[in-house]
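Chemist: A predicted structure for the sequence below; I have some questions about it.
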Amino acid sequence: MKIYTYPSIWKTLLRLCVTAWITIFLVWIAAPLSIIPISTEYFVTFVVAGIALTFCVRELFLINKKWMVDHHSVRQVCRFQHKELRLKDIKGYRVRQDYIYLVSHKGKHMRISRYVGGFKTLMLWVASNYKDLDFQY
């Protein structure tokens with residue numbers, strides 16, 4: 001079984017960014033609460049910062065994602081979601097900007113990031129075992 005995961009440097013950088021965003025967000029909330037009138041500009045920037053914080057926290061949970069390849073299937077495991085494609089059910093693959101998609105005969109797909117450690121090895125394995133669905137004959 002081969003396991004592919006994000007390199008630890010990406011995990012560390014993301015955790016530092018999320019910590020910084022949470023700190024800035026909390027200071028931003030606490031400081032103006034002592035002032036009664038809240039302007040519209042403050043409210044809009046507060047909403048935008050909240051959306052950015054939500055995105056960062058979501059990415060923090062998804063950064064622990066792993067892809068496992070064995071003799072029977074390709075599995076994607078993360079905190080909230082588990083996917084599995086059996087090797088015989090995979091129709092082919094598609095390559096997009098930052099991802100490779102494994103597509104099954106049933107229409108399901110699995111997205112694998114280019115930033116995963118060992119991506120070149122994984123890409124060579126996929127290309128040698130499955131057809132490129134974007135390639136026109």
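Modeler: Okay, I see it. Residues are numbered from 1 along each chain as shown.

Chemist: helices along the protein, start to end?
Modeler: Along the chain, counting by DSSP state H, helices occupy 8-30, 40-62, 119-129.

Chemist: out of those helices, which is closest to V74?
Modeler: helix 119-129 (9.0 Å; CB to CB). The way it works is simple: take the backbone N, C-alpha and C, and place the C-beta from them, glycine included.

Chemist: tell me the buried residues in the closest one?
Modeler: 122-123, 126 (16 or more other CB atoms under 10 Å).

Chemist: same thing with stretch 103-121?
Modeler: Neighbour-count burial for stretch 103-121 flags 103, 109-110, 112, 116 (criterion: 16+ other CB under 10 Å).

Chemist: so where's this structure uncertain?
Modeler: With pLDDT under 70 as the threshold, the chain has low-confidence stretches at 10-11, 26-43, 58-62, 136-137.

Chemist: any idea how it splits into domains?
Modeler: 2-62, 72-130 (automatic domain parsing).

Chemist: before we move on, the earlier item: looking at the buried residues of helix 119-129, which is nearest R86?
Modeler: V126 (14.7 Å).

Chemist: correct me, but T5 touches W67?
Modeler: Yes: with contacts counted by CB atoms under 8 Å, T5 reaches W67, the gap being 7.5 Å.

Chemist: intersection of neighbour lists for these two?
Modeler: Taking CB atoms under 8 Å, 6 or more residues apart in numbering as the contact rule, T5 and W67 both touch V116.

Chemist: ok, the two, which is more surrounded?
Modeler: Residue environment comparison for T5 versus W67 gives the larger neighbour count to W67, 23 against 17, counting by other CB atoms under 10 Å.

Chemist: is the more buried one in a bridge, and if so with what?
Modeler: Y4, Q76 (DSSP bridges).

Chemist: my guess is it contacts S113. True?
Modeler: No: under the contact definition of CB under 8 Å, W67 does not touch S113, with a separation of 9.1 Å.

Chemist: can you give me the neighbour number for N64?
Modeler: One way to gauge burial is a neighbour count; for N64, by other CB under 10 Å, it gives 12.

Chemist: any idea how far it is from V18?
Modeler: Using CB to CB, to the nearest Å, one obtains 13 Å as the distance from N64 to V18.
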